[in-house]
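**Student:** Build me a structure from this.
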Amino acid sequence: MTTIELLEKLTSPAGVAGEENSSFEALKGLFSLYGDVSCDDTGNIFIHKNGKGKHILLDAHLDTIGFVVTGITDDGFVRLTKVGGVDMRTVEGMELTLHGKEDVYGVVCTVPPHLSNGESKVSTDGTCVADIGMSKEDAEKVVSVGDKVSFRASFEKLGENRVSATYIDDRGGIAVLLKALEYTNTENEITLVCSAQEETGGAGATCASFNVNADLSLSVDVSFATTPDSNAKECGKMNGGPMIGYSPILSREYSDLLVEIAKEKNIPHQKEIMNGRTGTNADHITISKGGVPSALVSLPQRYMHTPVETVDIRDVENCAKLIAEFLERV
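**Tutor:** Below you'll find the model as predicted:
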């Protein structure tokens, strides 16, 4: 399976935080190609490969941002509030799938510029309203308060080497780790956790790292890539290779080892310097039980927390190659 094919398969199913089980059902056949698959009560999916060396925990989160239904108006409109850090600037007119008794198509309501003096009516409190084309009576037959709502999935090539898709954060990280397992010859024991609820606080990684009891860990998430309107000093570069994390909460030994490997193997790479927490699952894994020495590799991504997240396939491949070598060296 090519990297693009793998990414498309991984980004297809929804999995709004707290209801990752739908992704598990859609992807368990794929995951079983890489090891023994199991899940826990938190919603984590584990892929395990036996080994005789150190026990390494690999982590990338399975859950996605989205919405949850909070009510239905007398006119049949569905009130929503966000789950995770949805970029509310992008939601007007957005296509949605409401996961009720059956999947229902909907669109986020928006006021035409003709009626709003051109001013944006985007909510600043994380709420919005969806139109599903039904009366209140009909809507209540299929949609209930508490139902999760996802972006309508898309996957498109963007030029020669890039793809734009709905849920690259963090299905792209899972793709990196699965490719790393393909490439590595490590004799170490590996547990890959596709973790739940990262977007709402990291509950999945917290529980998984406690139960796995690994000797060390490496997490993969996405990080910011430059755009014309961004501050280049705060971002990585597309096709600049893996962003290797440096933070007080991470193992300096493992960060340095990743850089050393990248230089030896001529893998393009860039350092990501953080002055405290990383904002990823590495923060939770590092302090599990008596502590787990942790590393972080991030995939440069544009348009985070929107339905058009964009990555470069060459970065996915180079992240995977770097991690494959790391698994053999530690």
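**Student:** Return the residues in contact with Ala324.
**Tutor:** By Cβ atoms under 8 Å, 6 or more residues apart in numbering, the contact list for Ala324 reads Lys179, Ala180, Leu181, Glu182, Tyr183, Thr184, Thr186. From N, CA and C alone the C-beta is placed, and that goes for glycine too.
**Student:** again, 6 Å this time
**Tutor:** Ala180, Tyr183, Thr184 (Cβ atoms under 6 Å, 6 or more residues apart in numbering).
**Student:** Quick one: those residues as TSV, columns for pLDDT too.
**Tutor:** Output for those, formatted as TSV (pLDDT from 0 to 100):
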residue	pLDDT
Ala180	98
Tyr183	97
Thr184	97
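**Student:** Just the ones of those residues in strands?
**Tutor:** If you go by DSSP state E, these have nothing in strands.
**Student:** What separation is there between Glu5 and Leu178?
**Tutor:** 12 Å (Cβ to Cβ, to the nearest Å).
**Student:** Neighbour count: the two, which is higher?
**Tutor:** Leu178 (24 against 9; other Cβ atoms under 10 Å).
**Student:** where along the stretch 151-300 of the chain do the strands fall?
**Tutor:** 155-158, 162-165, 189-195, 216-224, 243-246, 270-273, 294-301 (DSSP state E, counting those that start in this stretch).
**Student:** ok, and what's touching the fifth one?
**Tutor:** Around strand 243-246, the neighbours that count as contacts under Cβ under 6 Å, 6+ apart are 223, 236, 255, 258-259, 269-273, 278, 296, 298.
**Student:** Report the distance from it to the chain centre.
**Tutor:** 17 Å (Cα atoms, centre = their mean, to the nearest Å).
**Student:** Equivalent analysis for the last one, please.
**Tutor:** Chain-centre distance of strand 294-301: 12 Å, with Cα atoms, centre = their mean.
**Student:** and the direction of that strand versus that of strand 216-224, what angle?
**Tutor:** If you take axes from the mean of the first three to the mean of the last three Cα atoms, to 10 degrees, strand 294-301 sits at 20 degrees to strand 216-224.
**Student:** Quick check on Ile267: phi, psi?
**Tutor:** Ile267 adopts backbone torsions of phi -90, psi 120, taken as degrees, to the nearest 10.
**Student:** list the contacts for it?
**Tutor:** Asn318, Lys321, Leu322.
**Student:** so where do the helices sit in this protein?
**Tutor:** 3-11, 21-31, 136-142, 168-183, 203-212, 252-264, 282-286, 313-329 (DSSP state H).
**Student:** For the second one, list every residue counted as buried.
**Tutor:** The neighbour-count criterion (16 or more other Cβ atoms under 10 Å) identifies Ser23, Phe24, Leu27, Phe31 as the buried residues of helix 21-31.
**Student:** What of the fifth one?
**Tutor:** Across helix 203-212, burial judged by 16+ other Cβ under 10 Å covers Ala203, Gly204, Ala205, Thr206, Cys207, Ala208, Ser209, Asn211, Val212.
**Student:** Save those as TSV, and put in pLDDT and distance to Phe67 too.
**Tutor:** Shown next, in TSV, are the buried residues of helix 203-212 (pLDDT from 0 to 100; distance: Cβ to Cβ, whole Å):
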residue	pLDDT	distance to Phe67
Ala203	95	19
Gly204	96	20
Ala205	96	23
Thr206	96	24
Cys207	96	24
Ala208	96	25
Ser209	96	28
Asn211	94	30
Val212	95	31
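**Student:** List the contacts of Thr11.
**Tutor:** So Thr11 contacts Phe155, Ala165, Tyr167, Arg171 (Cβ under 6 Å, 6+ apart).
**Student:** With Asp312 instead?
**Tutor:** Here Asp312 is in contact with Asn161, Arg162, Met238, Asn239 (Cβ under 6 Å, 6+ apart).
**Student:** any idea which of the residues you listed is closest to Asp138?
**Tutor:** Nearest to Asp138 among the contacts of Asp312: Arg162, at 41.3 Å, using Cβ to Cβ.
**Student:** how about the helix or strand bottoming out on mean pLDDT in the chain as CSV, C-alpha atoms only?
**Tutor:** Every helix and strand of the chain was ranked by mean pLDDT, DSSP states H and E. The lowest is helix 21-31, at a mean of 87. Extracted in CSV, the C-alpha atoms of helix 21-31 (Å, rounded to 0.1, in the frame of the first residue of the first chain):
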residue,chain,number,x,y,z
ASN,A,21,-15.1,3.1,18.2
SER,A,22,-16.5,4.0,14.7
SER,A,23,-12.9,4.4,13.5
PHE,A,24,-11.9,1.2,15.1
GLU,A,25,-14.6,-0.8,13.3
ALA,A,26,-13.5,0.7,10.0
LEU,A,27,-9.8,0.3,10.4
LYS,A,28,-9.3,-2.8,12.5
GLY,A,29,-8.7,-4.9,9.4
LEU,A,30,-5.9,-2.5,8.3
PHE,A,31,-4.4,-2.4,11.8
